[in-house]
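Participant: pasting the sequence and the predicted model now:
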Amino acid sequence: MIKRLFSYPKKILDVIPSLPLQTTPAETIMALWHNIHLENQKAVVKTISKLQYQIIINRISVCPTFLFPVSIKSNKITLISEKIEEKCWGFSNIEDEDSNVIMILRMFDEVAQDKLIVPMRGDIIDENLVKKDAEFIMQQFIDYYFDEELFEKYVKVFNHNFEEFDYKGFIEGYFQNN
């Protein structure tokens with residue numbers, strides 16, 4: 001169970017308070033979202049389409065947890081994602097008995113209906129996690145939940161047929177290919 005000893009923005013307007021969401025074009029929202037975070041070493045961002053968002057959210061509703069191997073400062077670790085609240089997940093090291101979160105990932109769907117985009121933000125909690133690694137984790141999260149083949153082969157099996165999930169093979173193959 002993930003501990004909640006952190007704060008993070010919950011709405012786009014928490015990050016860009018003066019943005020008129022209804023009248024601002026999607027391209028402008030995307031550009032502002034990315035530009036405002038360029039220098040922030042404690043946050044990574046991405047924008048996905050409404051379709052990607054819907055597929056990811058639907059798949060997460062039936063497969064809420066997954067593993068994300070990553071190298072942080074030359075240490076190979078495996079993170080597990082867990083839902084913290086709606087459209088928000090925490091990533092913690094599976095070997096950390098205290099389940100300390102090292103990154104929070106949030107999807108901001110306030111503009112999905114009108115603008116057909118969903119900004120995402122990953123907040124870096126652990127000082128050992130650098131922006132490049134956080135960007136990699138975010139992209140892996142999107143890939144494993146959006147890509148049909150990756151989802152069926154790994155995420156679904158992990159969540160619904162765990163005894164068939166080849167953990168060792170998955171981790172070894174992952175580090176060989178990345």
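Facilitator: Happy to help now that I have it.

Participant: when you work out contacts or count neighbours from here on, use the C-alpha atoms and nothing else.
Facilitator: Noted.

Participant: show the average pLDDT along the longest strand anywhere in the chain.
Facilitator: Identified as the longest strand of the chain according to DSSP state E is strand 75-85. Summarised as a single mean, pLDDT over strand 75-85 is 90.

Participant: following element in sequence after it, please.
Facilitator: Next in sequence after strand 75-85, counting helices and strands by DSSP states H and E, comes strand 88-93.

Participant: what's that following strand packed up against?
Facilitator: strand 75-85, strand 101-107 (3 or more Cα pairs under 8 Å, 6 or more residues apart in numbering; DSSP states H and E).

Participant: which of the ones you listed sits closest to residue 161?
Facilitator: strand 75-85 (16.9 Å; Cα to Cα).

Participant: show me what that closest one packs onto, helices and strands only.
Facilitator: Strand 75-85 packs on strand 66-72, strand 88-93, going by 3+ Cα pairs under 8 Å, 6+ apart.

Participant: may I have the strands that pair with that strand, each with its orientation?
Facilitator: strand 66-72 (antiparallel), strand 88-93 (antiparallel) (DSSP bridges).

Participant: what comes into contact with the first one?
Facilitator: Strand 66-72 is touched from outside by 76-82, 128-130, 133, 137, 140-141, 155, 158-159, 171, 174-175, with contacts defined as Cα atoms under 8 Å, 6 or more residues apart in numbering.

Participant: please produce a ChimeraX select command covering the buried subset of those.
Facilitator: Buried members of the contacts of strand 66-72, defined by 16 or more other Cα atoms under 10 Å, are picked up in ChimeraX with:
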select :77,78,79,80,81,82,129,130,133,137,140,141,155,158,171
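
Participant: ok, which of the helices and strands packed on strand 88-93 comes nearest residue 116?
Facilitator: Of all these, strand 101-107 comes closest under Cα to Cα, at 13.2 Å.

Participant: which helices and strands does that closest one pack with?
Facilitator: strand 88-93, strand 117-124.
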